[in-house]
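**Q** Quick one, fold the following:
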Amino acid sequence: MDTSMKFVQIVDFETDRFDEMRAVAEEADKSFAGRAGGPTHRLVLRDRSNPGHVLVVVEFDSYEDAMRNSQDPETGKMAARMAALCTRPPTFTDCDVLDMTEFK
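**A** Reported below is the predicted structural model:
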């Protein structure tokens, strides 16, 4: 397996406290900014037919970077704070990025 392959983790959760969730995410953004091996992009999606259902797509340069990030104590604290705001436990899907195209 190519270890230089980009990696994405999809976090699927439900919350009725989205504004509080966003505040925790903004705090995390500050700690992740410029950190080597941290996430490179994040996309937050809200389900139109179920506004409490949210998907967060987090991109990393590699699977290894993502796993190091997951093991970081600060990441664990942030994840616990976010999970406490969920109406059901979040689920995680780990994906290797096979192809990506930007349309401009």
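**Q** any idea which element Lys77 lies in?
**A** helix 73-83 (DSSP states H and E).
**Q** neighbouring contacts of that helix?
**A** Contacts of helix 73-83 with the rest of the structure, by CB atoms under 8 Å, 6 or more residues apart in numbering, involve Phe13, Met21, Val24, Ala25, Glu27, Ala28, Ser31, Asn69, Ser70, Pro89, Pro90. For every residue, glycine as well, the C-beta is placed using N, CA and C.
**Q** So what's the residue count around Phe7?
**A** When counting by other CB atoms under 10 Å, one arrives at 20 neighbours for Phe7.
**Q** hang on, isn't it packed against Asn69?
**A** No. In this structure Phe7 lies outside contact range of Asn69 using CB atoms under 8 Å: 10.2 Å.
**Q** Can you list the helices and strands that the longest helix along the chain packs against?
**A** The longest helix of the chain (DSSP state H) is helix 18-32. When contacts are defined as 3 or more CB pairs under 8 Å, 6 or more residues apart in numbering; DSSP states H and E, helix 18-32 sits against strand 41-46, helix 73-83.
**Q** Thanks a lot, see you next time.
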